[in-house]
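Trainee: From the sequence below, what's the structure:
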Amino acid sequence: MAKVTISVNVCKGCALCTTACPKKIIELAKDVINAKGYHPARVIDMEKCIGCAMCASMCPDCAIKVER
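Mentor: Alright, predicted model coming up:
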């Protein structure tokens with residue numbers, strides 16, 4: 001199973017990862033605000049992750065790390 005790690009304080013909430021994910025398991029955390037004042041991304045169902053790393057490749061700030 002793949003593991004996605006999102007650096008909350010680096011994420012600027014651009015939502016590019018949410019559109020890139022083929023399984024649609026990433027969303028912006030509306031209940032969390034990081035140190036920069038943004039709603040960071042989070043994985044809502046890690047079990048469905050296929051480890052494609054599309055989210056990481058789309059992230060302009062390299063805030064996402066995918067491990068297989």
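Trainee: how many other residues sit next to Gly13?
Mentor: Using other Cβ atoms under 10 Å, the number of residues around Gly13 comes to 20. Using the backbone N, CA and C atoms, a C-beta is placed for each residue, glycine as well.
Trainee: So what does Pro18 have for phi and psi?
Mentor: Slight slip there: residue 18 is Thr, not Pro. As for Thr18, its main-chain torsions (degrees, to the nearest 10) stand at phi -70, psi -30.
Trainee: Could you pull up the residues touching the residue nearest to it when sequence neighbours are not counted?
Mentor: Among residues not flanking Thr18 along the chain, Ile26 sits closest, at 4.9 Å (Cβ to Cβ, 6 or more residues apart in numbering). Applying Cβ atoms under 8 Å, 6 or more residues apart in numbering, we find Ile26 in contact with 4, 17-18, 41-44, 55.
Trainee: Tell me the one of those residues nearest Lys30?
Mentor: Using Cβ to Cβ, Arg42 comes nearest to Lys30 of these, at 10.0 Å.
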